[in-house]
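S.K.: Would you be able to build a 3D model of this:
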Amino acid sequence: MAQTKPSKNTIKFRCFWKTTTIYEVLKGRQWVETESELDWDFFWSDVGWMYEFFDHIHLADHQRFNHFRNYYELTRKDFLIKNLKRMKKTLEKEDKLEEAVNYNFVPQTYALPAEYGLFVEKFKKTPGVWIMKPVGKARGRGIFLFTRLNQISEWKKDHRWRSENPQVENYIVQKYIESPYLIGGKKFDLRIYVLVLSYAPLKAYLYRSGFARFTNAPFSMKKEDIANKLVHLTNFSIQKHAPTYNSKTGTKWPLHNLKMYMITKHGEAQVNELFHDIRSLILRSLLSVQNIIIQDKHCFELYGYDILVDKNLKPWLLEVNASPSLAADTTQDRDLKYGMLDDVLTLVDMERRLPTQTSLQVGGFDLLVDQGTAEGNLKTVPSPFTYLGCYNDREKQLKQMVKAQTASA
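M.R.: Below you'll find the predicted structure:
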């Protein structure tokens, strides 16, 4: 069906997730909902639709979709590790050794079954606690910790797992970070939101607000606690089943609150360095897949980065989510996600309201990189400062942006 460019008041949208915050945001912008398979201007979908239809249809210039075709190069755990390793090797071959060292932000990792032999050799040299993760699952499903190789043998038998079996489920195995940063004796990781509007040239924004996800149980590396997911995994889908879970307060702490807490403990300079390292980590991960992701002007992607901080204030990339949860378990969670998603739609700019030049800030999003501009055409992070975790003045910024547009009209 031929598509015509919509007016500002007739944007037609489809939304696969109708019980989450994104549906509220789309309705709140007074766009018009449609159930049509192809006659839409904007589609927030799961990846299943893309697999079935994307390569077999022609989209009009203005239509936008929330996934890149091979998004999994960044978000599938084994592919992420593969691309980061490849980027590091490329830099080393180009004699850019100083930059190559900066790609040490993932734990020692092996892909199974392909690298099982290499893993066994490494395990014998570096015993301790390791963690197994299925590459294609989320919400903590299928993850377990182990300390002995015979535990892997038992797992292989239970899963009918053989390296020569093409139907075997792929896993990664990683050296477990045994000394995470603790608050109140509990482990946490960070959920940070990144919006990529283009890979060629690379253009991405980093959202100021995020949250720390805590465990309900105190952290422990005791032998009897290694198998306890309530101690080691921060996923809400796991922690909500803890006997001490409080549905009113949840398990999350705003990123700004966390940053302020850490500043009181370690000082502003050290915490700013940590958050700059997180920003650098995110940018380098995007650079590692920039030449692999299939660029398409119809596509954008909102990623959910999961990052762990250890006791030495070093950030570690755990995984990148292509479909970060948009459900809200508390009022605070809902407010954060609603504002963030509303700013995503502003940046995607279906209404054509943004200025033609790149904006350094749009709502709560700050520019991470824009290789389409001279100052943004960099392979490393240019500034030691980041707004990540700072106060989110999104409403004030949006009002100022509207005021400036009205004055220039």
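S.K.: what sits against residue 225?
M.R.: residue 231 (C-beta atoms under 8 Å, 6 or more residues apart in numbering). All C-beta spots, glycine's among them, are computed from the backbone N, C-alpha and C.
S.K.: Tell me how far it lies from residue 185.
M.R.: 13 Å (C-beta to C-beta, to the nearest Å).
S.K.: same check, this time on residue 92
M.R.: 40 Å.
S.K.: ditto for residue 33
M.R.: Residue 33 is 47 Å from residue 185, by C-beta to C-beta.
S.K.: what's the answer for residue 151, then?
M.R.: Residue 151 is 27 Å from residue 185, by C-beta to C-beta.
S.K.: of those two, who's got more company?
M.R.: residue 151 (16 against 10; other C-beta atoms under 10 Å).
S.K.: Is that one part of a helix or strand, or is it coil?
M.R.: helix (DSSP: H, G, I helix; E, B strand; the rest coil).
S.K.: What distance do you get for it to residue 113?
M.R.: 16 Å.
S.K.: my read: residue 126 touches residue 174, true?
M.R.: No. Judged on C-beta atoms under 8 Å, residue 126 makes no contact with residue 174 at a distance of 11.7 Å.
S.K.: any shared contact partners between these two?
M.R.: Counting by C-beta under 8 Å, 6+ apart, the residues touching both residue 126 and residue 174 are residue 108.
S.K.: Mind checking which of these two has more residues around it?
M.R.: More crowded of residue 126 and residue 174, by other C-beta under 10 Å: residue 174, with 19 against 10.
S.K.: where in the stretch 251-400 of the chain is pLDDT low?
M.R.: 374-384 (pLDDT under 70).
S.K.: let me fix that: the stretch 101-250 of the chain
M.R.: Residues of the stretch 101-250 of the chain that meet the cut-off, pLDDT under 70, sit at 138-140, 154-168, 241, 243, 245-250.
S.K.: now the helices: where do they sit in it?
M.R.: In the stretch 101-250 of the chain, the helices defined using DSSP state H, counting those that start in this stretch lie at 116-125, 149-158, 229-232, 236-239.
S.K.: Looking at those helices, spot the one closest to residue 253.
M.R.: Closest to residue 253 of the helices of the stretch 101-250 of the chain, according to C-beta to C-beta: helix 236-239, at 12.8 Å.
S.K.: So for the closest one, what gets flagged as buried?
M.R.: 236, 238, 239 (16 or more other C-beta atoms under 10 Å).
S.K.: Then stretch 173-184?
M.R.: In stretch 173-184, counting by 16+ other C-beta under 10 Å, buried: 173, 174, 175, 176, 177, 180, 181.
S.K.: Run a quick neighbour tally on residue 361.
M.R.: The burial count for residue 361: 18, using other C-beta under 10 Å.
S.K.: Relative to residue 23, how far out is the nearest residue to it once chain neighbours are set aside?
M.R.: Using C-beta to C-beta, 6 or more residues apart in numbering and skipping residues adjacent in sequence, the residue nearest residue 361 is residue 397, 5.6 Å away. From residue 397 across to residue 23, the span is 25 Å (C-beta to C-beta).
S.K.: Spell out which residues make up each domain of this structure.
M.R.: 12-62, 108-176, 184-408 (automatic domain parsing).
S.K.: Straight-line length of the last one, end to end?
M.R.: Same thing as domain 184-408. 51 Å (C-alpha to C-alpha, to the nearest Å).
S.K.: Then stretch 98-107?
M.R.: Per C-alpha to C-alpha, stretch 98-107 runs 19 Å from first to last residue.
S.K.: And for it, what's in contact with it?
M.R.: Contacts for stretch 98-107 (C-beta under 8 Å, 6+ apart): 80-81, 84, 87-89, 91-92, 174-177, 277, 280-281, 284, 288, 315-317, 379-380.
S.K.: Quick check: buried residues in that stretch?
M.R.: Here stretch 98-107 shows 99, 100, 102, 103, 105, 106, 107 as buried, counting by 16+ other C-beta under 10 Å.
S.K.: Stretch 340-360 too?
M.R.: 340, 341, 342, 343, 344, 345, 346, 347, 348, 350, 358, 359.
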